[in-house]
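# whatever this is, show me its structure:
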Amino acid sequence: MGHASFSKKDLHLIEVAWGKTVTVFGPENVGAQFARVKITEYGPGMVHKKHRHPGQEEIMYVLEGRGISRTESGDQPMMPGTFVFIPADTDHVSINLEKDKPLKAIIIKSPPGDA
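Model (predicted):
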């Protein structure tokens, strides 16, 4: 595709098991080869089950809410303005501690891998 730009009104989050998500930039919409950027909302009290991304690093930037990123090396707090780095091939869990509102984050993965 090439050079692209989107505004918030152009993004339509889709329902997933743990909340809502949308790919802002990725191979499927802009032809990105080296990164994927998503906006994800973890539903109130939701726990994203333990998973890993083989060969793929993940960076989370928290926009709203309060939660925990859990790996084998311990828990990292997540709150607005927090960056969390998850190395490739690391089992991790994202937990929304808020019982009445979503935890919203920008998720960056490299290489882009699967959605």
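# which element, helix or strand, includes the closest residue to residue 86 other than its chain neighbours?
Leaving aside its chain neighbours, residue 86 sits nearest to residue 58 (4.3 Å; criterion: CB to CB, 6 or more residues apart in numbering). Placement of C-beta: from N, CA and C, glycine included. Per DSSP states H and E: residue 58 is located in strand 57-64.
# show residues contacting the following helix or strand past that strand.
Later in the chain than strand 57-64, the nearest helix or strand by DSSP H and E is strand 67-71. For strand 67-71, the surrounding residues in contact (CB atoms under 8 Å, 6 or more residues apart in numbering) are 42, 60, 75-79, 84, 86, 90-98, 103.
# residue 26: neighbour count?
19 (other CB atoms under 10 Å).
# then the one 10 residues further on?
Here the number of neighbours of residue 36 (other CB under 10 Å) works out to 24.
# give me the beta-bridge partners of it?
On the basis of DSSP bridges, residue 36 is bridged to residue 109.
# residue 74 now?
Note on residue 74: beta-bridge partners by DSSP bridges are residue 71.
# what about it, how many neighbours?
For residue 74, the number of neighbouring residues by other CB under 10 Å comes to 8.
# just the pLDDT for it.
pLDDT recorded at residue 74 is 96.
# just to revisit the earlier point, can you say which of the contacts of strand 67-71 are buried?
Neighbour-count burial (16 or more other CB atoms under 10 Å) applied to these gives 42, 60, 76, 78, 84, 86, 90, 92, 94-96, 98, 103.
# residue 48 - how many residues pack around it?
Using other CB under 10 Å, residue 48 is surrounded by 21 other residues.
# next, it: secondary structure please.
strand (DSSP: H, G, I helix; E, B strand; the rest coil).
# swap in residue 9?
Assignment for residue 9 (three-state DSSP): helix.
# cheers, nothing more for now.
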